[in-house]
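*Asks:* kindly return the folded structure for what I paste below:
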Amino acid sequence: MEAYIHDIAEFVRQHEAWAAPVVLALAFGESLAFVSLLIPAWGALVAIGALIGVSGLSFWPVWIAGGVGAALGDWVSYWFGYRYKDNVAQIWPLSKYPGLLRRGEDFVRKWGVPSIFIGRFFGPLRASVPLAAGIFEMPFWPFQIANVVSALVWSAVLLLFGDGLSIGLGWMLRSV
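*Replies:* The predicted structure is shown next:
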């Protein structure tokens, strides 16, 4: 996994023009119900964030791309849950993790629309909350508002965390 993250970050470092599309694809995959269970991309997003301060990579287009990708991933997951309802639990890889969808359902029942925002920041919930919201037919516009706002905040947090790490590490290395 570490090599995968390094390879993506190195590609972005060498081809800065591809930073926004790569971040969009990573955020989409990280937020898409089935893909996020197989290939966690948050580490690569933090690594790309680390390039922002040290390489001159512009924060704004990368941040927007991350937000758009994450929002699209959750929207597709919501649609999938809305369209296929209870059959979703029978589809691989969710069929291998029956408790995951159940936790997402419980979380959506307990928290309602705020579950979309909160779930974005907790690994396995990120994959199951939008599906559960679709299954329960959460109203579309409240879902989308929480989805887009949380996607933009989540993208900023990951990228700025990486940027902060690179600045802090650089400062420590210069101080030693």
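*Asks:* what is the distance between stretch 157-168 and the centre of its chain?
*Replies:* Put simply, stretch 157-168 sits 16 Å off its chain's centre (Cα atoms, centre = their mean, to the nearest Å).
*Asks:* grab the CA positions of it and hand them over as CSV.
*Replies:* Output in CSV follows, covering the C-alpha atoms of stretch 157-168 (Å, rounded to 0.1, in the frame of the first residue of the first chain):
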residue,chain,number,x,y,z
VAL,A,157,-8.8,18.6,5.8
LEU,A,158,-6.8,15.8,4.1
LEU,A,159,-4.9,18.2,1.8
LEU,A,160,-4.1,20.7,4.5
PHE,A,161,-3.1,17.9,6.9
GLY,A,162,-0.6,16.7,4.3
ASP,A,163,0.6,20.3,3.6
GLY,A,164,0.9,20.9,7.4
LEU,A,165,2.9,17.7,7.8
SER,A,166,5.3,18.7,5.0
ILE,A,167,5.8,22.2,6.5
GLY,A,168,6.3,20.8,10.0
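*Asks:* hmm, Glu16 is touching Val54, no?
*Replies:* No. With contact defined as Cβ atoms under 8 Å, Glu16 does not count as touching Val54 (11.8 Å). All C-beta atoms are positioned from the backbone trio N, CA, C, and that covers glycine.
*Asks:* and the longest helix that the chain contains, what does it pack onto?
*Replies:* Of all the segments of type helix in the chain, defined by DSSP state H, the longest one is helix 140-175. For helix 140-175, the contact count by 3 or more Cβ pairs under 8 Å, 6 or more residues apart in numbering; DSSP states H and E identifies helix 19-31, helix 42-55, helix 59-84, helix 114-119, helix 123-135 as packing neighbours.
*Asks:* what's the most buried one of these?
*Replies:* helix 123-135 (a mean of 26; mean count of other Cβ atoms under 10 Å).
*Asks:* quick one: it to helix 59-84, angle?
*Replies:* Orientation check (axes from the mean of the first three to the mean of the last three Cα atoms, to 10 degrees): helix 123-135 against helix 59-84 gives 50 degrees.
*Asks:* let me see the mean pLDDT of helix 123-135.
*Replies:* In this model, helix 123-135 has a mean pLDDT of 86.
*Asks:* return the distance of it from the chain's centre.
*Replies:* 12 Å.
*Asks:* also stretch 36-51?
*Replies:* 8 Å.
*Asks:* tell me which residues in the lowest-mean-pLDDT helix or strand in the chain are buried?
*Replies:* One helix or strand of the chain scores below all others by mean pLDDT, DSSP states H and E: helix 33-38, with a mean of 75. Buried residues in helix 33-38, counting neighbours by 16 or more other Cβ atoms under 10 Å, are found at Ala33, Phe34, Val35, Ser36, Leu37.
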